[in-house]
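A.B. asks: this one's sequence-less:
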C-alpha cells in the first residue's frame, strides 16, 4: 500500500495506482496542464472509498510505502488509462532526415511550413507533434478528467 501526501492530507491507495498517479502528475506538469483523477482509497476505518485529485504543474505529491494488514485498493482499468494518458503526454519531436536538408537549400522553411500545414515537409517524419510543439490529440487539454 502507498500513502500519498496531497494538499496537506494523506491518502492510502494501492501501489500500482500511486505509481501511475505520480507518473501522470509528472507528465502533466511537464506540459503545463492539469487533470482531475478519481482514485480508490482506504479510509481511516479501513473501508474502501474514493478521492478526487486535481493534478497539475503546482501539484506537490509524495508517495511512500506503508505496511498494513489491509488489502490494497486495486483498479487495473484506472492504472491502464493513466499509463495511456501519461504516454500521450510524453515528449515527441519531429525527426529530420539530414540528406534532404543538404539537397534543398529551402529545406528548413519548407519543412516548417509543411509541418504547420500537416503535409509532413520534405525529409520530415511526423512523430505526432505539430510544428508548434502541441500534440495532435486532445489528451493534454486543460480540464481532462479521468474517472
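C.D. replies: On my side now, so go ahead. All figures in this text were calculated on a predicted structure; none of them were measured in a lab.
A.B. asks: tell me the domain boundaries of the protein?
C.D. replies: 2-91+137-146, 95-125 (automatic domain parsing).
A.B. asks: Once you drop chain neighbours, what's closest to residue 67?
C.D. replies: Excluding its sequence neighbours, the residue lying closest to residue 67 (CB to CB, 6 or more residues apart in numbering) is residue 1, at 7.8 Å. Every residue, glycine included, has its C-beta placed from N, CA and C.
A.B. asks: And the one you found, how close does it get to residue 34?
C.D. replies: Counting by CB to CB, to the nearest Å, the separation of residue 1 from residue 34 is 26 Å.
A.B. asks: coming back round to it: out of the domains of the chain, name the one with the poorest average pLDDT.
C.D. replies: When mean pLDDT is averaged over each of the domains of the chain, domain 95-125 scores lowest at a mean of 50.
A.B. asks: Tell me which stretches of the protein form helices.
C.D. replies: Assigned by DSSP state H, the helices in the chain fall at 15-31, 76-88, 98-103, 107-117.
A.B. asks: Residue 14 reaches residue 40, doesn't it?
C.D. replies: Yes - counting by CB atoms under 8 Å, residue 14 touches residue 40, with 7.4 Å between them.
A.B. asks: which of these two has more neighbours?
C.D. replies: The residue with more neighbours, out of residue 14 and residue 40, is residue 14; 22 against 18, by other CB atoms under 10 Å.
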